[in-house]
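K.L.:
my questions are about this predicted structure, shown below with the sequence.
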Amino acid sequence: MKHLFVIIISFIVLSTACFAQVSPSTTSPTANSAYSYSGTMGDEEQLRIYTQIWGQVRKPGFYLVPDDTDLLTLLSLAGGPTEDAKLSKIRIVRPSEETGQGEVIWVNVKKYLDTGNFGIIPVLKPGDTVVVSGTVFYGMERVADFLAKFATVLSIYNLYLTIQNK
């Protein structure tokens, strides 16, 4: 009887912890894994490049965009930054075919938002990968989430030991 009680309590606690998780939306505006943006309203042909955006944006992924697309446009296409995005340190990793070694460009979008100086926003090049990191609070949130789950498991184990000793 004790074992049945422990199993039922464990199942209830763990199942509520699993269903309480917030998962990102799996729906996308297209059925493909890559997004496409033509940049023009007319039938004009325009060279398009492949770029990627990772991290704290609403729709990270692989984007096919016009060759004159800047960082802000790509951020907007990706649904904008999340509330956990660190806008003061956005990284653009730009591959180099000549040297085989890539270049890392740091962009302070927060400074652009404060000053309006569009000169600090770079135009993207083929193969660029934009990485939008999370803030310190995002990292602390992840640690707190892990600790809460770990505490739940420890509580269940403690309950099991208590029931076994009685």
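P.N.:
Received it, and whenever you're ready, just let me know what you need.
K.L.:
point out where this structure drops to low pLDDT.
P.N.:
1-44 (pLDDT under 70).
K.L.:
and the strands in it, which stretches?
P.N.:
34-36, 48-55, 61-66, 85-94, 103-107, 129-134 (DSSP state E).
K.L.:
with distance to residue 152 added, can I get those strands in JSON lines?
P.N.:
For every residue, glycine as well, the C-beta is placed using N, CA and C. Formatted as JSON lines, the strands of the chain follow (distance: least, C-beta to C-beta, whole Å):
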{"stretch": "strand 34-36", "distance to residue 152": "38"}
{"stretch": "strand 48-55", "distance to residue 152": "28"}
{"stretch": "strand 61-66", "distance to residue 152": "33"}
{"stretch": "strand 85-94", "distance to residue 152": "29"}
{"stretch": "strand 103-107", "distance to residue 152": "39"}
{"stretch": "strand 129-134", "distance to residue 152": "24"}
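K.L.:
take those and write them to CSV, including mean neighbour count and distance to residue 157.
P.N.:
Output for these, formatted as CSV (neighbours: other C-beta atoms under 10 Å; distance: least, C-beta to C-beta, whole Å):
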stretch, mean neighbour count, distance to residue 157
strand 34-36, 15, 45
strand 48-55, 18, 35
strand 61-66, 18, 40
strand 85-94, 18, 37
strand 103-107, 13, 45
strand 129-134, 19, 31
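K.L.:
residue 119: which of those strands is closest?
P.N.:
Among the strands of the chain, the nearest to residue 119 by C-beta to C-beta is strand 103-107 (11.3 Å).
K.L.:
who's in contact with the closest one?
P.N.:
Strand 103-107 has contacts (C-beta atoms under 8 Å, 6 or more residues apart in numbering) with 71, 89, 90, 91, 92, 93, 94, 96, 120, 121, 122.
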